[in-house]
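[1] Prediction below, plus the sequence it came from.
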Amino acid sequence: MDLSSINWVLLLASLMVAATPILLAGIGELVVERAGVLNLGVEGMMITGAISGFAIAINTGSVTLGFIAAAAAGALLSLLFGFLTQYLLSNQVATGLALTLFGLGLSSLMGQGYVGIKGLSVPDIHLPILSDIPVLGPILFRHDAMVYVSILIVAGVWAFLKFTRGGLILRAVGESHDAAHALGYKVVRIRLMAIAFGGACAGLGGAYLSLVRVPQWTEGMTAGAGWIALALVVFASWKPWRVLIGAYLFGGLTVLQLNLQAAGMKIPVEYLAMSPYIITILVLVVMSSRGGRAALNAPAELGRSFHASS
Amino acid sequence: MNIKALLAGTALALGLAGAAVAQDKTKVGFIFVGPIGDGGWTYEHNEGRLAVEEHFGDAVETVYQESVPEGADAERAMTQMALGGADIIFTTSFGYMDPTINVAAKFPDVKFEHATGFKRADNVSTYSARFYEGRAVQGHIAGKMTKTNKIGYIGSYPIPEVIRGINSAYIHAKKVNPDVEFSVIWAYTWFDPAKEADAAKALIEQGADVILQHTDSTAPQAAAQEAGDVITFGQASDMAEYAPMPRVSSIIDNWAPYYIDRVQAVIDGTWESMDTWDGIGPGMVEIGEITDAVPAEVKAEAEALRDAIAAGEYHPFTGPLNKQDGSAWLAEGEVADDGTLAGMNFYVEGLTGEIPQ
């Protein structure tokens, strides 16, 4: 084994890139779940965002427009879920799963003309002064804009939930929709807004895959990232900064195991390959061992339908 | 009323089923491991399917299912296809081997064709292509072209088909460049663009300037392109959209003639269980155009190697060759037999790292 052949600075830098798609999708889903809605359609919204963003970016030559289109497409698809679950009171689990299947099919239809087209190159932004700091500079401050945007979104969600009245109302809807309703809050409307935000974030995460991380369109390219994002929310016990930690941990282990393999590590490859998932399970076990649902911090009304007359 | 409607519906369904039989179309099914738009392995199998449709026109009907996981779910997909009236089903990935055998036992009248496996039955044939012949050509180019003497190899699963490719590429890279080193990453997936891209990046960051892949998507090509001075080879499909750089050549699987042959055999009633393993010679493996990024003399050598293999004058596994542990495998001039190749589970001498067991 030759650990010196691993460039640790580059590894830590690529960790942030590898983590960004699940971070974006995860933080969006966190807001949705804090409002008491379980949307299992993250994978479907991500991949729809991936193709929408890629198609618009190729046709307009603008990556920024691509990301905006991806967010819009993700939000639009999630509102379909919102309409079905909030107005027609369909089962959230079944509807979410259907949304994933629908998204996979829709994206492959939309992507027919985009297979094999090369993506645009997204420039890395070297933050002035900061990016010249030795070691830390290349790791933290020489990324494309979306890496910073994703961190800003996490910070924004955290501040919104913790410090604002709107955040309080959103949490109230997630903890007890009947009480929130009795106080005169529009439960369904608030939930729809949360669902749309989650969809937009998932769309951004998908577009990050197709525009930056891979960068190209391939059918089914999310390959399960949406499910990782869902697990991430539980892993984070519904707290924004923990989503960031979880995403970087998962992304880091994924990149690390590939690097260790390339360096000829003498640990059997199977253990390396499964390590991101093992660590995720371990953390979940440790956290849930501290008590019941309350300790896990799950929103009390998660997955329950609300109807004003019931 | 409801019962009447139900009875009417059943009668209608029976009538339709009868009509379908009367038309006597041969129904050809395909089980795919990835999406048909992967630009690689599954894409080429689907091209074969389309060639069958074009060749037979109305005489056949094809059905397919994409992204079928290699495992228990594959049995469900095959069973469904067999119940749906398929006469012959092509299962196009190594991991479908046991599911294919299991399902075939339940449907003795349906023919099954399993790609890249080694288990056969009265109604199960196997077929594969000698990809390792193409890997020899790739190895030659890779050994000549590398400046860092580090070649990265993205493997999918540690199965004979993939190990053969690594050995063949290594032998021929080593032959022209004694200093060459291989780093192998096992991705444990056939298709996951993000992971394949990450694997390619990890290899490039550690100094590899040639990336060989045995996974299905074009993601490693995109990663190499972004890195700049790195060359790659199209895998399973030409991947010409990445030519002339990073993709400097490719291995193309051409399944169409085989599929047409086998469907014809079903129509004629002459289908028999058999094992087909064809290479460059019969055209099942093709070498994609070698681009101008490769120096002319290297290109000429590579083409000469390709032609020698096609003509049967040269076998990529010709002794003297030792196994990784130093024990003798092939004596001077001896060539490997197909049995050993089909079950290959060892590295040749010089490769570092261990094959996961």
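    Yes, it's here.
[2] was I right about B:Asn46 contacting B:Gly34?
    No. If you go by C-beta atoms under 8 Å, B:Asn46 and B:Gly34 don't touch, sitting 10.0 Å apart. Just so you know, the C-beta spots here come from the backbone N, C-alpha and C atoms, and that holds for glycine as well.
[3] what about those two, which has more around it?
    Neighbour tally, B:Asn46 and B:Gly34, criterion other C-beta atoms under 10 Å in any protein chain shown: the higher count belongs to B:Gly34, 29 against 22.
[4] so that one, which of the three states?
    Using DSSP: H, G, I helix; E, B strand; the rest coil, the structure places B:Gly34 in coil.
[5] Also B:Ser125?
    strand.
[6] in terms of contact, does it touch B:Gly117 like I think?
    No. The criterion here is C-beta under 8 Å, and B:Ser125 misses it with B:Gly117 at 10.0 Å.
[7] Residue numbers of the stretch 151-300 of chain B in contact with chain A?
    B:152, B:158, B:183-186, B:188-189, B:191-195, B:197-199, B:201-203, B:205-208, B:217-219, B:222-223, B:225-226, B:241-242 (C-beta under 8 Å from any C-beta of the partner chain).
[8] one more time with 7 Å
    The stretch 151-300 of chain B has residues B:152, B:183, B:185-186, B:188, B:191-194, B:197-199, B:201-203, B:205-207, B:217-219, B:222, B:226, B:241 near chain A, with proximity defined as C-beta under 7 Å from any C-beta of the partner chain.
[9] list the contacts for the residue of the stretch 151-300 of chain A found nearest chain B?
    Proximity of the stretch 151-300 of chain A to chain B (C-beta to the nearest C-beta) peaks at A:Glu219, 3.5 Å away. By C-beta atoms under 7 Å, 6 or more residues apart in numbering or on different chains, the contact set of A:Glu219 is A:108, A:111, B:35, B:37-38.
[10] I'd like the list of the residues of the stretch 151-300 of chain B next to chain A that fall within strands, please.
    The strands, defined by DSSP state E, take in B:152, B:183, B:185-186 from these.
[11] Closest to B:Ile260 out of those residues?
    The shortest gap between B:Ile260 and any of those belongs to B:Trp186, at 35.0 Å (C-beta to C-beta).
[12] Give me the neighbour count for the closest one.
    Residues near B:Trp186, counting by other C-beta under 10 Å, number 24.
[13] Could you pull up the residues touching it?
    A:261, A:269, A:273, B:155, B:158, B:356.
[14] just curious, which of the residues you listed is nearest to A:Trp227?
    For the contacts of B:Trp186, the nearest to A:Trp227 is A:Ala273 (17.0 Å; C-beta to C-beta).
[15] my guess is the closest one contacts A:Gln257, does it?
    Yes. Here A:Ala273 reaches A:Gln257: they are 6.2 Å apart, a contact under C-beta atoms under 7 Å.
[16] C-alpha coordinates for stretch A:19-36, CSV please?
    Extracted C-alpha coordinates of stretch A:19-36, given in CSV (Å, rounded to 0.1, in the frame of the first residue of the first chain):
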residue,chain,number,x,y,z
ALA,A,19,-21.5,15.2,-1.3
THR,A,20,-23.2,18.2,-2.9
PRO,A,21,-26.1,16.4,-4.8
ILE,A,22,-27.2,14.4,-1.7
LEU,A,23,-26.7,17.5,0.4
LEU,A,24,-29.1,19.6,-1.7
ALA,A,25,-31.7,16.9,-2.0
GLY,A,26,-31.4,16.1,1.7
ILE,A,27,-31.9,19.7,2.9
GLY,A,28,-34.9,20.1,0.7
GLU,A,29,-36.5,16.8,2.0
LEU,A,30,-35.7,18.0,5.6
VAL,A,31,-37.9,21.0,5.1
VAL,A,32,-40.7,18.9,3.6
GLU,A,33,-40.5,16.4,6.5
ARG,A,34,-40.4,19.2,9.1
ALA,A,35,-43.8,20.3,7.7
GLY,A,36,-45.1,16.8,8.3
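[17] Tell me which residues of it come out buried.
    By 16 or more other C-beta atoms under 10 Å in any protein chain shown, the buried positions in stretch A:19-36 come out as A:19-36.
[18] Next, check the residues you listed against the strands and list the overlap.
    Using DSSP E, none of the buried residues of stretch A:19-36 sit in strands.
[19] So which of B:Ser125 and B:Gly117 has more stuff around it?
    Higher neighbour count among B:Ser125 and B:Gly117: B:Gly117, with 26 against 23, using other C-beta under 10 Å.
[20] Now do the same contact list for the more buried one.
    Contacts of B:Gly117 by C-beta under 7 Å, 6+ apart are B:94, B:97, B:126.
[21] what do you get for A:Thr95?
    The contact partners of A:Thr95, taken as C-beta under 7 Å, 6+ apart, are A:81, A:84-85.
[22] most neighbours, which of the residues you listed?
    Busiest of the contacts of A:Thr95 [other C-beta under 10 Å] is A:Phe81, holding 29 neighbours.
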